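Asks: structure, please.
(4 chains)
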Number of protein chains: 2
Amino acid sequence: MLTDERHQLIRDRLAAEGRVLAGELASRFGVSEDTVRRDLREMAKAGQCRRVYGGAVAAAPFAAAPVSLRGGHAVEEKMRLARAAVALLSSGQSLFIDGGTTNAAIASAIPRDLELTIATNSLSVASALSDHALVELIVLGGRFDRDLGTCVGADTLAAVAQLGADLFFLGSCGLDASRGVTAFDSAEAEVKRAMARNSAGIVIAVTNDKLATAAPYRVAGPEAIRHLVVEKTAPAAILADFEHQGAEIHFA
Amino acid sequence: MLTDERHQLIRDRLAAEGRVLAGELASRFGVSEDTVRRDLREMAKAGQCRRVYGGAVAAAPFAAAPVSLRGGHAVEEKMRLARAAVALLSSGQSLFIDGGTTNAAIASAIPRDLELTIATNSLSVASALSDHALVELIVLGGRFDRDLGTCVGADTLAAVAQLGADLFFLGSCGLDASRGVTAFDSAEAEVKRAMARNSAGIVIAVTNDKLATAAPYRVAGPEAIRHLVVEKTAPAAILADFEHQGAEIHFA
DNA sequence: CTGCTTCTTGCACAAACATGCAAAACATGC
DNA sequence: GCATGTTTTGCATGTTTGTGCAAGAAGCAG
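Replies: Numbering: from 1, shown residues only, chains lettered A, B, ... in the order given. Modelled structure (predicted):
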């Protein structure tokens, strides 16, 4: 087991339960308690937890986030979601992928031996796919929106209208079991709607903080979600609601 | 087994599993662990993974790839050309910029206080401009050509046809005082021709090795070149020919 | 205070590491 | 054809890093 993995697992447990015990972690990982204590000491120094007698507790969320790997937090989580999401893919499929950091992570996690046709209006998704030799990449052009990192507007809509896809990876949205998928921007929502209309199924991968949030512009109803990729620690009650609407739940 | 193949396989495993072990890769590939470590070191330097003790883990997707001025050599020269080329710009202009590493350098050299409208079919140019707040950026979409790094084809042509520009920064081409501007690829040449048709003037910035070379597909006659940006060491005889055809010469 | 657990520190050892070097494979030029 | 230079690889070398163990210090409960 890599040291880094162990740290990651400890972070997971801290996020899920708020505290960890040194002895318990030691037997779980199959290492000595000394090693766990050393891990906890390092993580505490990095501000990722607070050391207490017998183990450690989750760090205060507002205090010190010195290492923000730009693009923000939850990098590890998003990459795990991405790896789970690409498991839905198989050769020969065609995809729409829109913007958002999670979708960028998904794009870079796509195995290079899959033969896919991918259309995207996101610059970072396109960049991530630009060296996938077997991917037929279609860039959906138009006016570039700096805040979203994607192309939007009439030209983009026209480009989407000419295409169809098996799956639509819908990103950076609000998500709610009753209101469905919602977006924060009118032009953004319009493009998402067009992509949803022209694809057979919608895939959404979200971190816990996006679950049960809503934004002003409606994109698609909850019943339109075919696959929902979530963290292992996602609240079961919320997931059940989506499942009743026909969504298939996948855990990262 | 080729070094490059090995790198590719490592990237695949990283995308699929999120981590790799040096020893495991060594036995799988039938090479020494030293070789694998060298691979991982190089890939980490290129931002394709993060090195940890015992192996490597997948890199954060958003951190990497600023503007990969790959092609490696002549980086300094291209930056000098770029700085000279952006001197031609002034606020309020609209531009076409197509592909090539020199154009990517030009894009990243554009001052952030210029208010411009820029349309490009190049991913790296678009990425370089994605944080220029005053630039209205229009992405010319279409089928992405991996070798060129640009979008080409019918969709791209249609998008170009809707636009006009003051200047067209034409890149990655052959250049000859009698034959004019030529391209290596049919689809590429088509897009360049469309951009040339819809712009008032053509700007070409080239390193010495591109001067007096020709490619199969004709893009524009030598008389269409308005500005030619060259190195100080460019052969005077060749420059004189272009000057006779009406080009304005700028030295980097 | 006494006994217990948990923690830190120092140390030893093995695994992983970077570095330098030489052999082999390859391309290049005379 | 032969010499030369470059790239890649494996091996030998010291060095660094992670880990476990032991001993002492520090926290906690009765």
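
Asks: what's the burial count for the closest residue to A:Ile110 other than its chain neighbours?
Replies: Among residues not flanking A:Ile110 along the chain, A:Val86 sits closest, at 5.3 Å (C-beta to C-beta, 6 or more residues apart in numbering or on different chains). C-beta coordinates here come from the backbone N, C-alpha and C atoms, glycine included. Residues near A:Val86, counting by other C-beta atoms under 10 Å in any protein chain shown, number 21.

Asks: with A:Tyr53 instead?
Replies: 6.

Asks: in chain A, which residue sits nearest chain B?
Replies: Of all residues in chain A, A:Gly141 sits closest to chain B, at 2.6 Å by C-beta to the nearest C-beta.

Asks: hang on, that residue packs against B:Cys151?
Replies: Yes: using C-beta atoms under 8 Å, A:Gly141 is in contact with B:Cys151, at 7.1 Å.

Asks: with neighbour numbers in mind, choose between the two.
Replies: Higher neighbour count among A:Gly141 and B:Cys151: B:Cys151, with 30 against 27, using other C-beta under 10 Å.

Asks: checking the more buried one next. Helix, strand or coil?
Replies: When classified by DSSP: H, G, I helix; E, B strand; the rest coil, B:Cys151 comes out as strand.

Asks: hang on, the earlier thing: and the pLDDT for the residue nearest to A:Ile110?
Replies: Looking at A:Val86, its pLDDT is 94.

Asks: now do the one 3 residues further on
Replies: pLDDT recorded at A:Leu89 is 96.

Asks: okay, and the residue nearest to it when sequence neighbours are not counted sits in which element?
Replies: Distance criterion C-beta to C-beta, 6+ apart; nearest residue to A:Leu89, sequence neighbours excluded, is A:Leu114 at 5.8 Å. Using DSSP states H and E, A:Leu114 sits in no helix or strand.

Asks: can I assume A:Leu114 is in contact with A:Ser91?
Replies: Yes: in this structure A:Leu114 lies within contact range of A:Ser91 using C-beta under 8 Å: 5.2 Å.

Asks: who has more neighbours, those two?
Replies: Remark: of A:Leu114 and A:Ser91, A:Leu114 carries more neighbours, 17 against 10, as counted by other C-beta under 10 Å.

Asks: below-threshold pLDDT in chain A: ranges please.
Replies: Chain A contains residues with pLDDT under 70 at A:60-73.

Asks: point me to the residue of it nearest DNA strand C.
Replies: Residue nearest to DNA strand C within chain A (C-beta to the nearest atom of the strand): A:Ala22, separated by 4.0 Å.

Asks: OK, contacts around that residue?
Replies: Taking C-beta atoms under 8 Å, 6 or more residues apart in numbering or on different chains, we find A:Ala22 in contact with A:33, A:36-37, A:40, A:54-56.

Asks: the same query, at a cut-off of 7 Å, please.
Replies: By C-beta atoms under 7 Å, 6 or more residues apart in numbering or on different chains, A:Ala22 lies in contact with A:33, A:36-37, A:40, A:54-55.

Asks: mind jotting down where the strands sit in the stretch 51-200 of chain A?
Replies: A:55-58, A:94-97, A:116-120, A:135-139, A:142-145, A:150-152, A:165-170, A:174-176, A:180-183, A:199-205 (DSSP state E, counting those that start in this stretch).

Asks: any idea which of those strands is most buried?
Replies: Of all the strands of the stretch 51-200 of chain A, strand A:150-152 carries the top mean neighbour count, a mean of 28, counting by mean count of other C-beta atoms under 10 Å in any protein chain shown.

Asks: no further questions, thank you.
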